[in-house]
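# Coordinates only, no sequence provided:
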């Protein structure tokens, strides 16, 4: 029964929440040929069309990427790319945009850090890897289409536009491909950076329920300072996605926090190993916290310290690695192999995490009160 829950329920969540899922499919994709299988894929990254019900924020086609490796070892990587929540933040005429609006025709996954399969030090080298691009401004969890209207100004006329918060359906397309082509992975690593880090606890639960015999490890990069997650339920209408994977018990949609996602995920699937990595002064998280009015005026280190303590109070096995500086994200960068804190290299810490060896929290002193 677990096989049906994590696959069909996610589809049902999108369909039940709003008829816009079907409209998004029409706007972004025409019916396509069956997705390629592992045996027909080429070496390196293979682009797979998302198919019906998938689309990007502005109605352009969606696609994901697969690199064939050991079928017993699976890595799922969620791309980041900002977000939007109202007419001003979503306006496609805004420069610069606060969100990534499409999967470009020539787009390819990142080549550094955990996605550098040529590096023998890569902890997930040789894994079958699925790269889930981001283009829906909803932290990969939305299931809603919204028509916004911006007011006229002295320089710009009033403007009406449509945003497809279609992340849940896009991810479901990638998960359906995984479920149909990888029958029994033994190790599953669910990771992502920035906005792609936000939903990793949720989708780690989904794959854990689908593959009950697999060891599942989750790692988020560069989202640990965010406070409220209420937009997932109230703006992007992703609440049915959480309920579909068994994270609905005790959920308060109006007061949902980022830390709650971990606590609810651990309750739904306690055997998952949950972890995070953040820079202590992350400038991008600070920018979005200000833009969304989230977290009052508290600095990033204070918010990180609060969230880590909140998660660990309910989930003592949760692990965190904090590194110095303001750079946003590290797992897709060359610095993934060089960052070291308190004598512990980030690469080694992640390698131990992935392989089931014990790890501790690293860098807590960077979050201490001065």
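Okay, I see it. The shown structure was predicted, so the numbers you read here are calculated from the model rather than taken from an experiment.

# could you pull out the strands for the stretch 1-150 of the chain?
45-49, 63-67, 70-78, 127-132, 144-150 (DSSP state E, counting those that start in this stretch).

# Go through those strands and name the closest to residue 326.
Residue 326 lies closest to strand 70-78 among the strands of the stretch 1-150 of the chain, at 22.5 Å (CB to CB). The way it works is simple: take the backbone N, C-alpha and C, and place the C-beta from them, glycine included.

# which other helices and strands contact the closest one?
strand 127-132, helix 167-181, strand 187-193, helix 200-210 (3 or more CB pairs under 8 Å, 6 or more residues apart in numbering; DSSP states H and E).

# which parts of the second one are buried?
Yep, that's helix 167-181 we're talking about. 167-179, 181 (16 or more other CB atoms under 10 Å).

# Mind telling me which residue is nearest the centre of the protein?
For the chain, the residue nearest the mean C-alpha position is residue 196 (2.7 Å; CA atoms, centre = their mean).

# now residue 250: how far from residue 199?
The gap separating residue 250 from residue 199 is 19 Å, by CB to CB, to the nearest Å.

# the more surrounded of those two?
Between residue 250 and residue 199, residue 199 has the larger neighbour count (other CB atoms under 10 Å), namely 30 against 9.

# picking up where we left off before, which one, of the helices and strands packed on strand 70-78, ends up nearest to residue 245?
Closest to residue 245 of the helices and strands packed on strand 70-78, according to CB to CB: helix 200-210, at 4.6 Å.

# residue ranges with poor pLDDT in this structure?
1-35, 294-297, 369-370 (pLDDT under 70).

# picking that back up, the residue nearest to the centre of the chain contacts residue 81, correct?
Yes - between residue 196 and residue 81 there is a contact under CB atoms under 8 Å: 7.5 Å.

# Now the common contact residues for the two.
Contact criterion CB atoms under 8 Å, 6 or more residues apart in numbering; residues shared by residue 196 and residue 81: residue 134.

# Sort out which residues of stretch 212-221 are buried, please.
By neighbour count on 16+ other CB under 10 Å, the buried set for stretch 212-221 is 214, 215, 216, 217, 218, 219, 220, 221.

# repeat for stretch 144-151
144, 145, 146, 148, 150.

# what's the answer for stretch 96-111, then?
Buried residues in stretch 96-111 (16+ other CB under 10 Å): 97, 98, 99, 100, 101, 102, 103, 109, 110.

# can you name the two of those that are farthest apart?
Among those, the pair separated by the greatest distance (CB to CB) is 98 and 109, at 22.2 Å.

# how about the buried residues of stretch 212-221 in CSV, adding secondary structure?
As requested, the buried residues of stretch 212-221 are exported to CSV (DSSP: H, G, I helix; E, B strand; the rest coil):
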residue, secondary structure
214, coil
215, strand
216, strand
217, strand
218, strand
219, strand
220, strand
221, strand
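
# Mind putting those residues into CSV with distance to residue 306?
Below are the buried residues of stretch 212-221 laid out as CSV (distance: CB to CB, whole Å):
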residue, distance to residue 306
214, 32
215, 30
216, 26
217, 24
218, 20
219, 20
220, 16
221, 19
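
# Out of the residues you listed, flag the one nearest to residue 156.
Using CB to CB, the buried residues of stretch 212-221 come closest to residue 156 at residue 221, 36.2 Å.

# unless I'm mixing things up, the closest one is touching residue 190, no?
No - in this structure, residue 221 is not within contact of residue 190 by CB under 8 Å, at 11.8 Å.

# all helices of the stretch 201-350 of the chain, in order?
Here the stretch 201-350 of the chain has its helices, by DSSP state H, counting those that start in this stretch, at 230-234, 239-244, 258-268, 283-292, 300-314, 346-354.

# which stretch among those comes nearest residue 118?
Short answer: helix 346-354, nearest of these by CB to CB, at 14.8 Å.

# Can you give me the buried ones in that closest one?
Buried residues in helix 346-354 (16+ other CB under 10 Å): 346, 347, 349, 350, 351, 352, 353, 354.
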